[in-house]
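Visitor: Take a look and give me a structure for this.
(one chain, ligands or ions: 1)
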Amino acid sequence: MNCEFHLPGRILFGCGERRGLPGLLAPGNVLIVTGRHSRRRVEAELLPALEGRTVRLVSDASPEPPIPDVERIIAAGREIDAGCVIGWGGGSAIDAAKTAAALMRQEGSVADYFYGRRKIGGKGCFFAALPTTAGTGAEITPNAVLTDPETGIKQSIRHDTMFADVAIVDPELTWDCPPGVTAASGFDALTQGIESYLSKKANVASEALALKAAADVFTMLLPAVRESAPPARTMVAEGSMLAAMAFAQSGLGSVHGIGHPLGSLLHVPHGVCCAILLPALLRRNLPACREKMEVLAGMLVQDSAEAMIAAIEELRRAVGLPENFSRYGLKEEHFDFIVKNCRSGSMKSNPRDFSDDEVRMILKELMG
Ligand SMILES: [Fe+2]
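Guide: Next up, the predicted model:
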C-alpha cells in the first residue's frame, strides 16, 4: 500500500518536558499566546527562563479565535519584531498563536488568508506549541480553526509551513484542567481518532496511530474526568497526540464537517459538538465501512460495532455531556446555514456521502 507520512516538526511527550522549552527556541524576541487559566504558570515557569529576550505575553485568547483577536496578536508580535511565537494553552490559544506565527511576516489581513484571497508564501516565525488540554491536537496539525464574527463562518487556515517547529505535550499541564473541559476535549480526541481511522484518506501508518489513540482515550477518559488521576490524564494526553498525528495525514469526517458550522452558529464548545454528533454519525456511516468499524469495536469494546456505538453513548452520559442540542437552541431555521457550510475537506474524507436532506434529517434527530 502506498503511504505518505508528514510531520516535519519536533514532538516531545512526557511529564516535565515543558521545562526544556527555552533551550529549544530560535533566537530573537518572543511572543507568548496563552489563556487566562495558564497565565500564572507561564509567568512563574517560563518568563524567568527567557531573561535577556524581549517578551510580549498575550493572555486573553478567546475560544474559537475571532479574526480581530488574531490581528491584535499579530500586531503585538510585530511591535517587538518577534522571532519566536509560543502557543501555551487550549486549542484556541494554540490556533491563535499558530496563525500569528504563520502570518507575522506576510502581507495582507488575516481575513485575506481565511477566505483564500491570499496564499501563505513561505515559512513564518519559529513556532512552539504546548497544549494544556488533551483533545484538539492543535499542537500537531498544520491548520488553525478561526471564526469570522461578522459572517459566523468557522473554518481553517491551513498550510504545510504551519506545523509547529516544536510541540511539547507535557501531561502535567492537563492535570488541573476542570472535569467538564477534560470531558469535552477528550471527546474531541476520541472523535478525531475514530474519524481518522475511518477516513477515506487513511493509510497504514495513520490507521495504526488512530486505533491506538481511540483505544487510549476511550479506556481512560472516564477516570481522567472523575478522578483527575495523573496516570489516566497522561494516557488521554497520549491518545490526543496520537490522534492528531493520525488525522494530520488522513483528515477527519462528517462529525467535524457538520460540527464546525453548527458549533460556530450556536456557540457549542467543539468537544461537546463532537460528543453529540459522533454516535449518530457512526450509525449512519456503519453500512459504508462495517469491516473497519468492527476492527475498531474489537479494540474498544471487544464486541460488535453496534455495541461500541452504544458504549460511546454510555461514556458520553457518564462524563456528563449532553445527548442532543436542545440546550443550545438548535432549530430548523438553522439548518440552511449548517448544510451550506458543512461541505469541507472533512466531509470529503468521510466514509460515505451525505445528501443535504440527510444532513437535515440528522440535525432534526439531534434537536431534542
Ligand atoms: Fe476536533
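Visitor: Residue 89: neighbouring residues, count only.
Guide: 29 (other CB atoms under 10 Å). C-beta coordinates here come from the backbone N, C-alpha and C atoms, glycine included.
Visitor: longest single strand anywhere in the protein?
Guide: In the chain, with assignment by DSSP state E, the single longest strand is strand 82-89.
Visitor: Please export the C-alpha coordinates of the next helix or strand after that strand as CSV.
Guide: Per DSSP states H and E, the first helix or strand lying C-terminal to strand 82-89 is helix 91-103. What follows is helix 91-103, C-alpha atoms only, in CSV (Å, rounded to 0.1, in the frame of the first residue of the first chain):
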residue,chain,number,x,y,z
GLY,A,91,-6.7,24.7,21.2
SER,A,92,-7.8,28.3,20.8
ALA,A,93,-4.6,29.8,22.2
ILE,A,94,-2.5,27.4,20.1
ASP,A,95,-4.5,28.2,16.9
ALA,A,96,-4.3,31.9,17.5
ALA,A,97,-0.5,31.6,18.1
LYS,A,98,-0.1,29.3,15.1
THR,A,99,-1.8,31.8,12.8
ALA,A,100,0.2,34.7,14.2
ALA,A,101,3.5,32.8,13.6
ALA,A,102,2.4,32.0,10.0
LEU,A,103,1.2,35.5,9.1
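Visitor: Now helix 91-103: average pLDDT?
Guide: In this model, helix 91-103 has a mean pLDDT of 97.
Visitor: Where does the residue nearest the centre of the chain fall, secondary structure wise?
Guide: For the chain, residue 136 is the residue whose C-alpha lies nearest the centre (CA atoms, centre = their mean; 2.4 Å). Assessed by DSSP H and E, residue 136 sits outside every helix and strand.
Visitor: Can you tell me the closest non-neighbouring residue to it?
Guide: Spatial nearest neighbour of residue 136, chain neighbours left out: residue 91 (3.0 Å); criterion: CB to CB, 6 or more residues apart in numbering.
Visitor: Let me see the contact set for the one you found.
Guide: Neighbouring residues of residue 91 by CB atoms under 8 Å, 6 or more residues apart in numbering: 131, 133, 135, 136, 137, 138, 145, 185, 270.
Visitor: what number of residues lie near the second one?
Guide: Spelled out, that is residue 133. The tally of other residues near residue 133 (other CB under 10 Å) stands at 29.
Visitor: Could you report the separation of it from residue 255?
Guide: 18 Å (CB to CB, to the nearest Å).
Visitor: element containing the closest residue to residue 108 other than its chain neighbours?
Guide: Among residues not flanking residue 108 along the chain, residue 118 sits closest, at 4.7 Å (CB to CB, 6+ apart). In the assignment (DSSP H and E), residue 118 maps to no helix and no strand.
Visitor: Residue 118 and residue 102 touch, don't they?
Guide: No: checked against CB atoms under 8 Å, the pair residue 118 and residue 102 is beyond contact range at 11.7 Å.
Visitor: Comparing those two, which shows the higher neighbour count?
Guide: residue 102 (26 against 15).
Visitor: Contact partners for residue 148?
Guide: 66, 67, 111, 114, 154.
Visitor: what's the answer for residue 346, then?
Guide: Contacts of residue 346 (CB under 8 Å, 6+ apart): 195, 251, 252, 253, 254, 255, 256, 257, 260.
Visitor: cool, residue 184 as well?
Guide: Residues near residue 184 by CB under 8 Å, 6+ apart: 135, 269, 270, 271, 272, 274, 275, 321.
Visitor: One more pass at 7 Å, please.
Guide: 269, 271, 272, 275, 321 (CB atoms under 7 Å, 6 or more residues apart in numbering).
Visitor: Could I get the full set of strands for the chain?
Guide: Assigned by DSSP E, the chain shows strands spanning 10-13, 29-34, 55-58, 82-89, 126-131, 143-148, 153-158, 166-169.
Visitor: Outline the domain layout of this protein.
Guide: 10-173, 177-365 (automatic domain parsing).
Visitor: First-to-last residue distance for the shortest one?
Guide: By that I understand domain 10-173. 19 Å (CA to CA, to the nearest Å).
Visitor: Begin at 31, not 1, for the rest of this chat.
Guide: With the count now opening at 31, the last piece we talked about shows up as domain 40-203.
Visitor: distance between it and the chain's centre?
Guide: Centroid displacement of domain 40-203 relative to its chain, using CA atoms, centre = their mean, to the nearest Å, is 14 Å.
Visitor: do stretch 356-371 as well
Guide: Worked out by CA atoms, centre = their mean, stretch 356-371 lies 22 Å from the chain centre.
Visitor: Just the mean pLDDT for that stretch, thanks.
Guide: 97.
Visitor: Return the set of buried residues in it.
Guide: For stretch 356-371, the neighbour count (16 or more other CB atoms under 10 Å) marks 358, 360, 364, 365, 367, 368, 369, 371 as buried.
Visitor: closest to residue 189 among those residues?
Guide: Closest approach to residue 189 among those (CB to CB): residue 371, at 21.2 Å.
Visitor: now that closest one, nearest residue through space, not along the chain?
Guide: Leaving aside its sequence neighbours, residue 371 sits nearest to residue 291 (CB to CB, 6+ apart; 3.7 Å).
Visitor: That neighbour reaches residue 365, doesn't it?
Guide: No: applying CB atoms under 7 Å as the test, residue 291 and residue 365 come out as separate, 10.3 Å apart.
Visitor: For the lengthiest helix in the chain, name the packing helices and strands.
Guide: Taking DSSP state H as the criterion, the chain has its longest helix at helix 234-257. Counting contacts by 3 or more CB pairs under 7 Å, 6 or more residues apart in numbering; DSSP states H and E, helix 234-257 is packed against helix 209-228, helix 260-280, helix 320-330, helix 335-348.
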